[in-house]
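In: below is the structure, and that's it, no one-letter string:
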């Protein structure tokens, strides 16, 4: 029987080649789109699930309750002090093992085979490979970090540094703090899977840090928090849920914190402001957000939004199938009647029609997956991931694909199957049923399609405008033609004067300045807080030199820039921005000469004094409001970033000269640079990605909706052949008939605009609310999206109606 | 075999009833060949559909092999119809997407007949109707007479107790019509109970009993 269903389904699909093509094409595109997004979502939710002991491994968070320092929401911070791990193991018998991880902050210099390059080096306790399931390719997990001077390389890094996959036993020199030291490659690990939050290239033994300046200052220091700490609990332990025990532990090591915070005014609550929490490994990526701003973390609502959009596109394709099948029902009615008369039951007919839609969805799934596979590189670039349809990485995609195919087949086919199988044979045989016209259900489906696609089109338009707005907005300094040279981890104090002198000899170089921190890089800021006249103040601090304001083109509103003529400038002069004035309740005039009381608590150092006010500038994304900032050039700073302003034009010769200048100042370490405007654009990467994705989804959905409309218009014209013939015989004009046929569809599109506009307005308003600097919504944005949709829909429909209107009426009337 | 008692069918048009069938009562014995005649719109097709269990009377009783069909649920009616009645149409109503062989096989599939049995039953009929060479063709590739031949083969393949034919020759040339009627007569000769509806006086004479219907009433009922 099933064989028979299949045979008929195939013949029917082949008979109606045009409609089948529309259906298959639409469903394939929908499925390709959805499967890519689904893979993306599966990947996001599959983060950190590959660890064998993952169910009892946790990341420790310092958890601040809501209300602390005026924050509305509670939140966790994953950067913690060095003695925490050992203390947890000593105090809790439930803690089987701990791992502390020092991430690579910036890149270190490494020397392999005599060549120096930059690479990130991280340090972890030797238990790393016992707790986590990263696979070792060469060497053994237990010996991987046995010695203080052992390192583990990933395959990728081994290849890069040594040009071979197994360099175990070889020596690698790493510059830590101020000198190169030899380390032995004890093992090579497989590259961490892309869906792992913990990523590393070179992993050193954590105990090596004990004898560094950093380690000496941190070893027993509970107030220096810069490490991640993971714990492995014993099987069956309930410690993760025992907040009371964790709080007791916290208060043992921070006995005075609550009182201090209350005195300072940043905690007014009754209970404890802070405790430790244990965060399950698999919640690190898409679980709660932490304050530590880990790069890989994502917002789960973002993933669901993308999935919802993809589901919308797929729905549009399914609706095409449904509406076209209903539109075609006139042609199938006779078959249904005959089948019923010769003994076909309704159930058997439903199964027959479902077989047809399932066949179609299976066919589309195959084509769709091939499309998705072909589009994968482009999608990966757009989503900034390295995804692949790998059953090893994502075992769930097998049944997801089968399930999706079945779901699509049933979703698209069930309504037509129920309608068609419900025909009464007598009525069909008497040709009493008026078929093929657009019924209310079909009309609602078409309207839904256009609501979705117009909504997405409007959203795209608005996102693109906001993006353009943020990129073109004057940030308060001149971002073009500035080269940023990375001098971190070098003897930059010695390098800088020499480099500056040589660079300025180039005619293309207009100015050179230095600062401790870059602009536009994730961690390019440091914040300090103190109590000023009893109030907690949080301010971004910048260590800069006296050329900084000029080179970056910042605007002084009052006072003066730093100047070598004033000896005090390297001791306590500061320049502040407008937001700072506002926060402290000063004006540009009254600010000059003000002292920052309380800045050095319990120290005799001279208080910082305001000598200048600079116009606000956006060194953070436009999403955020400009924060209070202060600039100083105290003598203990190190110029880790050099800013070189070039003449507009081809930067290549100047870059070559800068490289030479660097080489003559620092012969051993490599030259590394970037462009300021490119660094800043990185802030908007996720928005640009989002607008790209929404734009594509919008374009595809409009295309699919029009594809369906094209088919429907063809069917409508076919079903009304006789009417058109009669009208033409009675003298109707071409325009009249095209209008007659197009009117019905255009009315639906107009209705869709009315529904889509307020919906899109609402959601885009919410989206824009996240931006401190944003465009306003205008009615014409929605009108433009709507007008576009109407124009495309009209073109689609009129193609069919003109064809129908041009047909010779004699033909159509004779056939009746 | 069939007993109809006061079968009526009507529409409500405003205050009045508009009768399609009124007060139809008759018996049909096994092995009879009944011809129903009447002008267009006289209700003969409706009557045939009621007998064929595709339609329901508004009032009246219908016994088929002593079973009270008028009290049956639609499902049970469908089940009974599926196993006991074969249909032949004026417009053949073959399924365009199926070959001759598959069209004839279809009712057996719906009844769940096993594969080998199906094959032999269909082969018998193809043989008997002399259309073995056409079994792989689609309806569109056949002449009208050949299509109706397939239609009859499909109607009787399941060995129905009753064969209903609604103007089986209406779309055919005279010679093809005679061929079809000859076939019906042959089936009747083998003991099949048949009811046909026709306009054609000459073809009416193939039956053993003629019934005239006009405006929903039986005007005349003569057995020869």
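Out: Looks like it arrived, so ask away. Not measured: the values here are computed from a predicted model. Numbering: from 1, shown residues only, chains lettered A, B, ... in the order given.
In: who does the most centrally placed residue in chain B bridge with?
Out: Nearest to the mean C-alpha position of chain B, counting by CA atoms, centre = their mean, stands residue B:164 at 1.4 Å. Using DSSP bridges, the bridge partners assigned to residue B:164 are residue B:87, residue B:195.
In: contacting residues around it?
Out: B:48, B:51-52, B:85-88, B:194-196 (CB atoms under 8 Å, 6 or more residues apart in numbering or on different chains). The way it works is simple: take the backbone N, C-alpha and C, and place the C-beta from them, glycine included.
In: all strands of chain B, in order?
Out: With DSSP state E, the ranges of strands along chain B come out as B:2-13, B:16-28, B:33-37, B:59-64, B:67-68, B:85-88, B:162-166, B:193-197, B:209-214, B:217-223.
In: could you dump the contacts of residue B:164 to a markdown table with distance to residue A:353 and neighbour count?
Out: Putting the contacts of residue B:164 into a markdown table (distance: CB to CB, whole Å; neighbours: other CB atoms under 10 Å in any protein chain shown) gives the following:
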| residue | distance to residue A:353 | neighbour count |
| --- | --- | --- |
| B:48 | 28 | 20 |
| B:51 | 29 | 22 |
| B:52 | 24 | 20 |
| B:85 | 25 | 23 |
| B:86 | 25 | 28 |
| B:87 | 22 | 27 |
| B:88 | 26 | 24 |
| B:194 | 34 | 23 |
| B:195 | 32 | 24 |
| B:196 | 33 | 25 |
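In: out of the strands of chain B, deepest packed?
Out: Counting by mean count of other CB atoms under 10 Å in any protein chain shown, strand B:85-88 has the highest mean neighbour count of the strands of chain B, with a mean of 26.
In: what's next to that one, contact-wise?
Out: A:341-342, B:52-53, B:148, B:151-152, B:154-156, B:158, B:160-166, B:168.
In: give me the mean pLDDT for that strand.
Out: Averaged across strand B:85-88, pLDDT comes to 90.
In: same check, this time on stretch B:100-108
Out: Mean predicted confidence for stretch B:100-108 is 91.
In: go through the lowest-mean-pLDDT helix or strand in chain B and flag the buried ones.
Out: Lowest on mean pLDDT, DSSP states H and E among the helices and strands of chain B sits helix B:74-84, with a mean of 84. Buried positions in helix B:74-84, judged by neighbour count with 16 or more other CB atoms under 10 Å in any protein chain shown: B:77-78, B:80-82, B:84.
In: ditto for stretch A:491-506
Out: Buried, per 16+ other CB under 10 Å, within stretch A:491-506: A:492, A:495-496, A:499-500, A:502-503, A:506.
In: could you chop chain A up by domain?
Out: A:2-42+A:301-469+A:685-814, A:54-283, A:482-681 (automatic domain parsing).
In: which element is the residue nearest to residue A:628 when sequence neighbours are not counted on?
Out: Of all residues not flanking residue A:628 in the chain, residue A:580 sits nearest, at 3.9 Å (CB to CB, 6 or more residues apart in numbering or on different chains). For residue A:580, the element it lies in under DSSP states H and E is helix A:578-584.
In: for whichever helix or strand comes after that helix, which outside residues touch it?
Out: Note on helix A:578-584: by DSSP H and E, the next helix or strand toward the C-terminus is helix A:588-591. Applying CB under 8 Å, 6+ apart, the contact partners of helix A:588-591 are A:557-559, A:576, A:578, A:581, A:584, A:610, A:613.
In: generate a ChimeraX selection restricted to the buried subset of those.
Out: Only the buried entries of these go into this ChimeraX selection, using 16+ other CB under 10 Å:
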select /A:558,559,576,578,581,584,610,613
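In: of the contacts of helix A:588-591, closest to chain B?
Out: Set against chain B, the nearest of these by CB to the nearest CB is residue A:578 (77.4 Å).
In: contacting residues for the closest one?
Out: A:557, A:588, A:613-616, A:626.
In: wait, which of these is closest to chain B?
Out: residue A:626 (70.6 Å).
In: need the pLDDT of the closest one.
Out: 82.
In: swap in residue A:302?
Out: 75.
In: surely it forms part of a helix?
Out: Yes. Judged by DSSP: H, G, I helix; E, B strand; the rest coil, residue A:302 forms part of a helix.
In: related to what we said a few turns ago, right, and the strands of chain B - which one's nearest residue B:137?
Out: Ranking the strands of chain B by proximity to residue B:137 (CB to CB) places strand B:85-88 first, at 19.4 Å.
In: report the distance from that closest one to the chain centre.
Out: Distance of strand B:85-88 from the chain centroid (CA atoms, centre = their mean, to the nearest Å) equals 4 Å.
In: so after the strand or helix carrying residue A:305, what's the next helix or strand?
Out: If you go by DSSP H and E, residue A:305 is part of helix A:300-327. Downstream of helix A:300-327, the first helix or strand assigned by DSSP H and E is helix A:329-341.
In: which positions in the helix or strand following that next one come out as buried?
Out: Using DSSP H and E, the helix or strand that follows helix A:329-341 in sequence is helix A:346-383. Within helix A:346-383, the residues that qualify as buried are A:346, A:348-365, A:367-369, A:371-372, A:375-376, A:379-380, A:382-383, counting by 16+ other CB under 10 Å.
In: so which residue of chain A comes closest to chain B?
Out: residue A:343 (3.8 Å).
In: thought that residue was touching residue B:107?
Out: Yes. Shown here, residue A:343 and residue B:107 form a contact pair, counting by CB atoms under 8 Å, at 4.9 Å.
In: between those two, point out the one with more neighbours.
Out: residue B:107 (26 against 23; other CB atoms under 10 Å in any protein chain shown).
In: ok, the more buried one - contacts?
Out: So residue B:107 contacts A:342-343, B:82, B:154, B:157-158 (CB under 8 Å, 6+ apart).
In: still on that earlier bit, what is in contact with residue A:343 and residue B:107 at once?
Out: Going by CB under 8 Å, 6+ apart, residues that sit against residue A:343 and also against residue B:107 are B:82, B:158.
In: pull the distance from stretch A:680-690 to the chain's centre.
Out: 9 Å.
In: return the residues of chain B in contact with chain A.
Out: Contact residues (CB under 8 Å from any CB of the partner chain) of chain B with chain A: B:45, B:49, B:52, B:54-55, B:78, B:81-83, B:87, B:89, B:93-98, B:102, B:106-107, B:109-112, B:154-155, B:158.
In: longest helix in chain B, please.
Out: helix B:174-189 (DSSP state H).
In: hmm, who's touching it?
Out: B:31, B:33, B:129, B:143-145, B:148-149, B:152, B:156, B:163, B:165, B:168-169, B:172, B:194, B:196, B:200, B:203, B:206, B:208.
In: just the mean pLDDT for that helix, thanks.
Out: 91.
In: list the buried residues in it.
Out: B:176-181, B:183-184, B:187-188.
In: identify the farthest-apart pair in those.
Out: The most widely separated members of the buried residues of helix B:174-189 are B:176 and B:188, with 18.9 Å between them, by CB to CB.
In: which residue ranges form the strands in the stretch 351-500 of chain A?
Out: A:482-486 (DSSP state E, counting those that start in this stretch).
In: got any ranges where it has weak pLDDT?
Out: A:429-438 (pLDDT under 70).
In: no further queries at this time; thank you.
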